[in-house]
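Peer 1: need the 3D shape of this:
(2 chains)
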Protein chains: 2
Amino acid sequence: MSCHPLTPRFISRKQLAGIVVVLLCSGQLTIAGVRQSDPLPSWHKSETKTAILQFVQGVTDVQSPNFVPEPERIAVFDNDGTLWPENPLPFQLSFSLDELKRRFPEEPTWKDDPFVQEALAGNLPSLLANHYQGLFHVIELVGSGLTTTEFADRVRAWLSTAEHPLFHRPYDQLAYQPMLEVLAYFRAHGFKTYIVSGGGVDFLRVFSEHVYGIPPEQVVGSNSRVIYELRDKAPVLIKTMKDFFINDGSAKPAGIHQFIGRRPIACFGNSDGDQPMLEYTTINNPRPSLGVIIHHTDAEREYSYDKAPRSSGRLVSALAEAPQRGWLVVDMKDDWLKIFTP
Amino acid sequence: MSCHPLTPRFISRKQLAGIVVVLLCSGQLTIAGVRQSDPLPSWHKSETKTAILQFVQGVTDVQSPNFVPEPERIAVFDNDGTLWPENPLPFQLSFSLDELKRRFPEEPTWKDDPFVQEALAGNLPSLLANHYQGLFHVIELVGSGLTTTEFADRVRAWLSTAEHPLFHRPYDQLAYQPMLEVLAYFRAHGFKTYIVSGGGVDFLRVFSEHVYGIPPEQVVGSNSRVIYELRDKAPVLIKTMKDFFINDGSAKPAGIHQFIGRRPIACFGNSDGDQPMLEYTTINNPRPSLGVIIHHTDAEREYSYDKAPRSSGRLVSALAEAPQRGWLVVDMKDDWLKIFTP
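Peer 2: Numbers count the residues shown, from 1 in each chain, chains lettered A, B, ... in the order given. As a prediction, this is how the structure comes out:
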């Protein structure tokens, strides 16, 4: 009898191929001569990229003094300005303004709301004053009174028709390609990736899974109470403005504690509003940790801003703090080969 | 040359064993003649047990009309009375009373707190009146002002010394063995298991992982705001009583929405306080769903109660509703071979 060395009896070629796939996937087999592919192909080779790769390699290598057990590998990501743009307006504000205009004729009480007036007049600085009080008010207002299902349907309808004024794409096709690679790379190394955003949690959860691969239960955002009731014998949850929690600035570590209950070991942000969660992640953490700031420096391909007053993306204090804290600063212009998925 | 049929050339016996393990683990291989072990050995064979097994088999079988994709397999479990006892007092109340007594001499403001007086006098009915207002007040009070780390340390210290008055075990060794099997069985079938409890989330998270295998980020409970600050240059979170959210009754579906953002497909509870989340899980759910009530009927091995007024485990309305809703009712006396891990 003859035995072909690569297709032994009782294991067909197809079965063997299956075995190889399983072994490759389980990491028990590597193919000599096949170059390990770059997990971050949209990132220029730089010290920043190397530091990110080395951090992940360290915390996932059982032999390394930096090893962190898988359950503790929590990575948190700001959304606006970190995973997608926040200019000319944070996208949820664009949605809210569109909704204000659309529904204004049928909402008589909105006429007397000063923030609605400011919003419809396009007076954004006044919405952004006092820690974005007006902005958050308007955002909450367009959800309040709707069921969670109705609200999600409206967000979906808006995403399917609205278009970004500069990039002329649907908003949910504007995730930063280099950050999608970071998310996938971290997850492939046993991290749970979370969004921790000032945006409304019910807004974010509509697209977090299809845009970022982040399931709804891993989204932390601004929120207020919902009321449960049986309506026409079916369960519904009604959005209210009660106990409104703005998940920004020093509220972000609080939100992380409330929703996740573990200290992250990696944090990506882009503004002073992310500084407290960068601190919470990296200062006195008994585990190795990584803090990263995305610096918007690319006026040609995206936007260049940091010191703009009253911008949701103002970045002054966190940038000044970065060197002493060891936070990496990503220069979008120099560090990213591309900004968006082609 | 000779080729042993089971150990072909180029694949050693050891390698083959590895392949078999991988294939078994990945479900691509089954061994004929090996009897499938019972995943719920502490459950008597009954219609209830069969219905639970059939539900899980249906939602995990790609060929079944009941199949549910893995990301949507969310199962929620009440804690007190569902995963461990709630008598003679809910365990967090025992902890809180012990803490009240221990710290009373050094907390001058507590003297004027009527609920503290009632608690120290052992006047439990008055703590349980008005939807357990006093109970929750006292529970919050013993955490308020502490950092989250200090609070967790106190819970840990208490668990290491306190003992249940009837079972004479540390409280964290009183999980119901049949429910531990349910948790493991659901997780082995791609479910994410969540605690959704009226208990405080910071209390539950101290032991949820080592007692139930449920990580902190999968615990939903009563909560109030924490304040972030840098204290002696290190990040701390301070517990307050602000925006106190009691995660019980109709607040449970709200808590599920706020923390998980998906509708569960399986829900286990034991009291009328769990009825809204049983409804939310099972009524008009586009996915197949399972509702289960643990009925405390075993005065000999645990406790028998359901109609007791002002008990946190009062079960009247949900029990009456069970047949029409198709909720399974577990009779602890008849359905469970054992209550606790020996």
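Peer 1: from now on I want contacts and neighbour counts done on CA atoms only, so please keep to that.
Peer 2: OK.
Peer 1: near chain B at all, the top strand by length along chain A?
Peer 2: What stands out as the longest strand in chain A, according to DSSP state E, is strand A:192-200. No - Strand A:192-200 stays clear of chain B (CA under 8 Å from any CA of the partner chain), getting no nearer than 10.4 Å.
Peer 1: quick one: that strand to chain centroid distance?
Peer 2: Its chain's C-alpha centre and that of strand A:192-200 lie 5 Å apart, by CA atoms, centre = their mean, to the nearest Å.
Peer 1: need the residues that contact it.
Peer 2: Residues from elsewhere that reach strand A:192-200, judged by CA atoms under 8 Å, 6 or more residues apart in numbering or on different chains: A:73-80, A:92, A:139, A:183, A:186-187, A:214, A:218-223, A:246-248, A:252, A:255-256.
Peer 1: is it true that residue A:139 lies in a helix?
Peer 2: Yes - under DSSP: H, G, I helix; E, B strand; the rest coil, residue A:139 sits within a helix.
Peer 1: partner strands of the one helix or strand residue A:293 maps to, with direction?
Peer 2: With secondary structure defined by DSSP states H and E, residue A:293 is part of strand A:290-295. If you go by DSSP bridges, strand A:290-295 pairs up with strand A:266-269 (parallel), strand A:328-331 (parallel).
Peer 1: so the helix or strand following it, near chain B or not?
Peer 2: Downstream of strand A:290-295, the first helix or strand assigned by DSSP H and E is helix A:317-325. No - Helix A:317-325 lies out of reach of chain B by CA under 8 Å from any CA, never closer than 11.9 Å.
Peer 1: pLDDT below threshold where in chain A?
Peer 2: In the predicted model, chain A carries pLDDT under 70 at residues A:1-36, A:310.
Peer 1: near chain B, which residues of the stretch 51-200 of chain A?
Peer 2: The stretch 51-200 of chain A comes close to chain B at residues residue A:71, as judged by CA under 8 Å from any CA.
Peer 1: and the strand holding residue A:293, how far from the chain's centre?
Peer 2: Taking mean C-alpha positions (CA atoms, centre = their mean), strand A:290-295 and its chain are 13 Å apart.
Peer 1: for that strand, output the C-alpha coordinates as PDB.
Peer 2: C-alpha atoms of strand A:290-295 as PDB (Å, rounded to 0.1, in the frame of the first residue of the first chain):
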ATOM      1  CA  LEU A 290      -1.600  52.700  27.700                       C
ATOM      2  CA  GLY A 291      -2.900  56.200  27.100                       C
ATOM      3  CA  VAL A 292      -3.200  57.500  23.600                       C
ATOM      4  CA  ILE A 293      -4.300  61.000  22.300                       C
ATOM      5  CA  ILE A 294      -5.400  61.400  18.700                       C
ATOM      6  CA  HIS A 295      -4.200  64.800  17.700                       C
END
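Peer 1: next one: phi and psi at the residue positioned nearest the centre of chain A?
Peer 2: The residue lying closest to the centre of chain A (CA atoms, centre = their mean) is residue A:79, at 3.7 Å. Main-chain torsions, residue A:79, degrees, to the nearest 10: phi -100, psi -70.
Peer 1: got the contact list for it?
Peer 2: Contacts of residue A:79 (CA under 8 Å, 6+ apart): A:195, A:196, A:197, A:199, A:269.
Peer 1: and what of residue A:260?
Peer 2: The contact partners of residue A:260, by CA under 8 Å, 6+ apart, come to B:216, B:217, B:218.
Peer 1: wouldn't residue A:274 be in contact with residue A:252 here?
Peer 2: Yes - using CA atoms under 8 Å, residue A:274 is in contact with residue A:252, at 7.5 Å.
Peer 1: and the stretch 201-342 of chain A, which of its residues are near chain B?
Peer 2: Neighbours of chain B within the stretch 201-342 of chain A, by CA under 8 Å from any CA: A:202, A:205, A:215-218, A:223, A:225-229, A:234-235, A:237, A:243, A:250-251, A:253-254, A:258-262, A:279-280, A:283-284.
Peer 1: what about the residue nearest to residue A:59 when sequence neighbours are not counted, how many neighbours?
Peer 2: Of all residues not flanking residue A:59 in the chain, residue A:67 sits nearest, at 3.9 Å (CA to CA, 6 or more residues apart in numbering or on different chains). The tally of other residues near residue A:67 (other CA atoms under 10 Å in any protein chain shown) stands at 17.
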